[in-house]
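*Asks:* predicted model, plus sequence, below.
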Amino acid sequence: MNEYTVPFLRLPGTMEEQTWLAEHLETLSVRESIILAAAVEHSPPETMADAVNNLLTLGEYEVLPAGSYEQLGALYLQTADVPNEQRPAFDKGALGWWYANEHPGTFLDSRFYVSYPEQDTPQPYNGNHLPTDLELLDWSVRLKLASPSAPEGLWLKLPDSQGELDLAREALGVNHIEDSTLLEERCILPCVRDRDIVDDFAFITHAVYEGDRLGDFLKKCKEEAGLLERFLAALEYESCQDLGGAAQIAEAMDSYDVVEADAFLDRVTRELNEEPWAKAGEGIQNCFDYAAYAEAGAAQQGYSLTHDGRYYIRKSGAQELGMTMQ
């Protein structure tokens with residue numbers, strides 16, 4: 001159990017907030033746990049809503065492998081645009097103080113420096129709507145890994161961004177991530193979430209690879225409106241239930257024609273209402289089943305309707321979806 005689970009769940013709040021917090025605290029990655037410790041120190045939550053915002057803003061913190069100002073200064077010099085011959089002249093401790101002043105944060109466990117978000121960062125949760133993982137799209141797969149140093153297991157969040165993999169490997173005490181044991185997995189996709197990735201991959205590195213591939217695609221989904229919905233429709237169309245298959249579909253979205261059912265029905269309705277019989281008025285129009293006609297026309301052209309009735313989908317290559325029926 002995460003060390004924050006019980007304290008957070010005792011704060012004033014709603015049952016919905018309590019459920020959300022319990023679920024998300026259970027699978028915090030090594031990096032997220034480090035950041036949360038700094039977040040609680042920086043802004044102690046007084047309500048469950050505050051705790052939700054702590055978790056929702058974890059991605060805005062930065063974790064650096066520096067446990068002192070001197071190490072922080074040395075780390076800065078490794079990436080700064082400073083000629084090599086000038087670097088020895090810097091006072092690394094003073095440089096670390098300067099960096100910390102520019103990027104306020106805190107040292108943790110004499111191992112990390114965690115910088116805080118900008119002070120004017122808005123709180124994403126206002127008490128009205130708790131976001132789902134598919135709305136956030138900030139991870140693809142979480143793997144619970146164990147080792148002799150961590151027999152109860154630690155979580156790795158994919159895709160591997162901002163040092164997630166290195167921090168997990170260090171916490172597990174292994175040189176290579178495949179030297180650990182896979183205990184459990186969570187996938188952001190509902191069709192994969194309840195499956196056992198151990199059955200799909202002989203080695204953990206394969207799971208990490210596929211999680212990174214899927215994670216890269218989900219980043220695009222945050223930038224392109226409607227892409228996630230089309231992707232979910234393609235997963236349903238292919239009856240996809242495994243991570244590798246989902247990653248392959250993500251990289252082949254150009255192979256699918258996906259059309260919003262409502263938009264198609266509207267177009268069919270407008271075109272049909274130009275027919276001579278429809279111009280007799282609403283009375284005769286009300287006798288015609290526009291939705292059934294549209295669905296039959298789509299099926300004739302190779303389209304399937306998704307279970308939620310929102311999209312028509314097929315493999316690319318056939319004629320463009322229209323109302324023509326033969």
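*Replies:* Yep, that arrived. Since the model is a prediction, treat every value here as computed from it, not as a measurement.

*Asks:* got the buried residues for the top strand by length along the chain?
*Replies:* Looking across the chain with DSSP state E, the single longest strand is strand 150-158. Residues of strand 150-158 classed as buried by neighbour count (16 or more other C-beta atoms under 10 Å): 150, 153-158. C-betas here are computed from N, CA, C, even on glycine.

*Asks:* and what of stretch 227-239?
*Replies:* Residues 227-238 are the ones in stretch 227-239 that count as buried (16+ other C-beta under 10 Å).

*Asks:* just how off-centre is that stretch within its chain?
*Replies:* Stretch 227-239 sits 16 Å away from the centroid of its parent chain (C-alpha atoms, centre = their mean, to the nearest Å).

*Asks:* now that stretch: average pLDDT?
*Replies:* Averaged over stretch 227-239, pLDDT sits at 96.

*Asks:* please enumerate the helices of the stretch 51-200 of the chain.
*Replies:* Counting by DSSP state H, counting those that start in this stretch, the stretch 51-200 of the chain has helices at residues 69-79, 92-102, 133-136, 164-172, 190-193, 197-200.

*Asks:* JSON lines for those helices, including distance to Cys221?
*Replies:* Converted to JSON lines, the helices of the stretch 51-200 of the chain look like this (distance: least, C-beta to C-beta, whole Å):
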{"stretch": "helix 69-79", "distance to Cys221": "30"}
{"stretch": "helix 92-102", "distance to Cys221": "34"}
{"stretch": "helix 133-136", "distance to Cys221": "9"}
{"stretch": "helix 164-172", "distance to Cys221": "20"}
{"stretch": "helix 190-193", "distance to Cys221": "15"}
{"stretch": "helix 197-200", "distance to Cys221": "21"}
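
*Asks:* now these in TSV, with mean pLDDT and distance to Leu183?
*Replies:* As requested, these are exported to TSV (pLDDT from 0 to 100; distance: least, C-beta to C-beta, whole Å):
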stretch	mean pLDDT	distance to Leu183
helix 69-79	95	33
helix 92-102	97	37
helix 133-136	94	20
helix 164-172	95	12
helix 190-193	84	16
helix 197-200	55	9
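
*Asks:* between the ones you listed, which gets nearest to Lys219?
*Replies:* Lys219 lies closest, by C-beta to C-beta, to one member of the helices of the stretch 51-200 of the chain: helix 133-136, at 11.9 Å.

*Asks:* returning to what we had before: which one of the buried residues of stretch 227-239 is nearest to His129?
*Replies:* Once C-beta to C-beta is applied, the member of the buried residues of stretch 227-239 that ends up nearest His129 is Leu228, at 17.5 Å.

*Asks:* which residue packs closest to the closest one, ignoring adjacent ones?
*Replies:* Of all residues beyond its chain neighbours, the one nearest Leu228 is Cys221 (4.1 Å), with distances taken as C-beta to C-beta, 6 or more residues apart in numbering.

*Asks:* hmm, the one you found is touching Arg230, no?
*Replies:* No. Under the criterion of C-beta atoms under 8 Å, Cys221 makes no contact with Arg230, lying 9.2 Å away.

*Asks:* all set, thanks.
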